[in-house]
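In: Kindly generate the corresponding structure for this input.
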Amino acid sequence: MISDEQFDRVYRVLPVLQQVTPPMLNEFKRAAFFARIPAGRDVFVEGDDVDAIALLITGAVRVYKVGETGREITLYRFGLGESCILTANAILSRQTFSAIATVEQDAEAVMIPAAIFRDWMQRYEQWREFIFMLLAQRLSTVMALVDEVTFQRMDIRVAALLLERSQPDEPIRITHQEIAAELGSSREVISRILENLARQGIIRVLRGSIEVLDAAQLANLLAM
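Out: Residues are numbered from 1 along each chain as shown. The predicted structure follows:
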């Protein structure tokens, strides 16, 4: 059970609760419980049984796969007011978790037990619509990832990541290994691409960070 104060916070960041019937709101208050999860903690790893689903109130979680060679690739992230669709899939199919979910930023979440989640999917239309909306969003994200991995050169994907993360007059706090893990590549490949961009004067590689010197040139790479 969550407290009235916790429910007020959850209600503000979960629009679905503003659409459901009073009976479901009462069930939500009774069934949900609050959790704080520090950065670096694995919520689930591949093969875990899933006994509850988390709806994030603060923080961010990265969901990724690790191959036999140890390479990682990010499938998606979820944050404020969102949840992990692979967790929902595991609960509904009664299967184990199929990836790794790790907290990137200290998170607070409201947890819904698996049996309650399945029951609400059967009985409450607004809850089903909320979960199906999450599914559609994540499917689009994963399809875009498949397109990138299959059809885009790695240097183009690196340029896109740097542009997405860059802020004016601020270096990007990221390592070669973190870029490799994000994009499903090796550190050696990423290092070669970054060295090439540095030789062209597009970026400056620093210790534990990267400074974008010419964002326009990075954008031009994406148009090639």
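In: ok, now which ones touch Phe34?
Out: Phe34 is in contact with Ile2, Ser3, Gln6, Glu108, Ala109, Val110, Met111, counting by CB atoms under 8 Å, 6 or more residues apart in numbering. Just so you know, the C-beta spots here come from the backbone N, C-alpha and C atoms, and that holds for glycine as well.
In: Check Thr141 too.
Out: Contacts of Thr141 by CB under 8 Å, 6+ apart are Leu75, Tyr76.
In: what do you get if the cut-off is 10 Å, keeping everything else the same?
Out: Counting by CB atoms under 10 Å, 6 or more residues apart in numbering, Thr141 makes contact with Val63, Thr74, Leu75, Tyr76, Arg77, Phe78, Ile85.
In: In stretch 170-180, which residues are buried?
Out: Taking 16 or more other CB atoms under 10 Å as the neighbour-count basis, stretch 170-180 is seen to contain the buried residues Pro171, Ile172, His176, Glu178, Ile179, Ala180.
In: try stretch 89-109
Out: Buried, per 16+ other CB under 10 Å, within stretch 89-109: 89-91, 97-103, 107-109.
In: Need the distance between the two termini of that stretch.
Out: Stretch 89-109 has an end-to-end distance of 19 Å (CA to CA, to the nearest Å).
In: Turn the buried residues of stretch 89-109 into a markdown table, including distance to Ile202.
Out: Formatted as a markdown table, the buried residues of stretch 89-109 follow (distance: CB to CB, whole Å):
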| residue | distance to Ile202 |
| --- | --- |
| Asn89 | 40 |
| Ala90 | 42 |
| Ile91 | 45 |
| Phe97 | 39 |
| Ser98 | 37 |
| Ala99 | 33 |
| Ile100 | 33 |
| Ala101 | 34 |
| Thr102 | 31 |
| Val103 | 33 |
| Ala107 | 35 |
| Glu108 | 39 |
| Ala109 | 39 |
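In: Perfect, I'm done here.
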